[in-house]
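Novice: Need the 3D shape of this:
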Amino acid sequence: MERILYVGGFRLPDRNAAAQRVSAIAKGFRELGHTVYFLNYAFENIKPEWKKYYGFECFEKGRRSIWRQLTDVSDVLKIIEEKEITSVIAYNYPAVAFQKLLWYCKKRNIKIYADATEWYVAQGNILFKIIKTIDTEWRMRVLHTKCDGIIAISEYLYKYYKNKVKTVKVPP
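Specialist: Residues are numbered from 1 along each chain as shown. Predicted structure coming up:
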C-alpha cells in the first residue's frame, strides 16, 4: 500500500478543473488500496490546518509569495516526513521547486510522478513570458523525464513521454 502526497496548483474541494482532476485520480488510487493526502494552497490568507475533502486528508495553507510558490518545498517535505509518504504526485509543479522535490525524493527512494496537463506558450508581459517559458520547458522537457512516471492528460503528452518514462494517459 502506497502513501501518496498530491501537490500542485489545484484548489480543493472543487474550485477549479485541476481540483476535479486530482480528486478523481486520488479516488482511483484509494479504490486500489492506497492512502492519498493533498497539500492545497488557498488564494486567501487562512490558518494552516488539516481538513477533509472527499474522505481525503488535505493540508491547507494560505497564500504564499510568488517567490515561495516557485522555489519553496518546505511544506511538502514536512508532510512527507510526518505522513511517511512513499510516493509524490506533482501536478504542474513549478520547475525550481520540482527540481528540489525530485532530488529529495530520489535521495530517499520515494517515488515521484508528474501529472502533466498543460504545455502552452506563456501570455503576459515580456518578463513573465521569459520566466514562464523557461520554467515550463525545463519542467516538461527535462524534469518530467527524470520522474518514476507521468500521468498525461492528452494523447499528445502521452506520445511525447511514452518512450522516455513510464506513462499513462488519464484524459479529463
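
Novice: centroid residue for this structure?
Specialist: If you average the C-alpha coordinates of the chain and look for the closest C-alpha using CA atoms, centre = their mean, you land on residue 90, 2.0 Å from that point.

Novice: Just grab the bridge partners of that residue for me.
Specialist: Using DSSP bridges, the beta-bridge partners of residue 90 come out as residue 7, residue 114.

Novice: dump the residue contacts of it.
Specialist: Contacts for residue 90 (CB atoms under 8 Å, 6 or more residues apart in numbering) come out as 7-8, 98, 101, 112-115. In this view, the C-beta of every residue, glycine as well, is placed from N, C-alpha and C.

Novice: Tell me the most packed of the residues you listed, by neighbour count.
Specialist: residue 114 (30 neighbours; other CB atoms under 10 Å).

Novice: From residue 43, how far out is that residue?
Specialist: Per CB to CB, to the nearest Å, residue 114 is found 24 Å from residue 43.

Novice: go on, residue 17?
Specialist: For residue 17 relative to residue 43 (CB to CB), the value is 16 Å.

Novice: How about residue 165?
Specialist: The span separating residue 165 from residue 43 equals 32 Å under the rule CB to CB.
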